[in-house]
Each structure stands twice: as C-alpha cells, then as structure tokens.
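>>> heads up, no residue letters with this:
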C-alpha cells in the first residue's frame, strides 16, 4: 500500500497530490491518503468519481480524514 500523508496541506493541494499519485499508480495498487483539511472530505471523493478509481474506505477522526483508494484498471 502506498502511504500519502498530506497533513497540514490546504485545498487544493491534497487533491492535486492524490491525483498525481493515482496517475503514477498501476491498476490494483492501493493508496492510503491522510489529510487534515476538512474540504478533503468532499474533494477527494469527487476526484475518485472523476477518475473512476474505487474509494474503499473513508474515515473521519478528530482532526484527520483518511482514505483508502484502489487504482482501477484502464484508468482515465
């Protein structure tokens, strides 16, 4: 699993870095993204809908949001 700790970054950086990591990933790779920006809870799922990848898990903790994303085959 690829770990991406984006704590402390503000919108739009978490989504831009997540998109970049997904572009570099191969189908089937899993990516764990950790963010502290509250807008990431909206922006990252929207990104996943755009790219066609799979959001396997989204967890809200006190000051952090974590996502587990699986790179889909034949991604856009």
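Thanks, I have it. All values derive from a computational prediction rather than experimental measurement. Numbers count the residues shown, from 1 in each chain.
>>> Please enumerate the strands of this protein.
Here the chain has its strands, by DSSP state E, at 2-6, 30-35, 54-60, 65-70.
>>> For the second one, list every residue counted as buried.
Read it as strand 30-35. Buried residues in strand 30-35, counting neighbours by 16 or more other C-beta atoms under 10 Å, are found at 31, 33-35. All C-beta spots, glycine's among them, are computed from the backbone N, C-alpha and C.
>>> that older thread, residue 45 is nearest to which of the strands of the chain?
strand 54-60 (5.8 Å; C-beta to C-beta).
>>> where's the closest one relative to the chain centroid, distance-wise?
Computed by C-alpha atoms, centre = their mean, to the nearest Å, the chain-centroid distance of strand 54-60 equals 9 Å.
>>> and that strand, which strands flank it?
As defined by DSSP bridges, the strand partners of strand 54-60 come to strand 65-70 (antiparallel).
>>> and the angle from the strand it pairs with to strand 30-35?
Angle, strand 65-70 to strand 30-35, by axes from the mean of the first three to the mean of the last three C-alpha atoms, to 10 degrees: 160 degrees.
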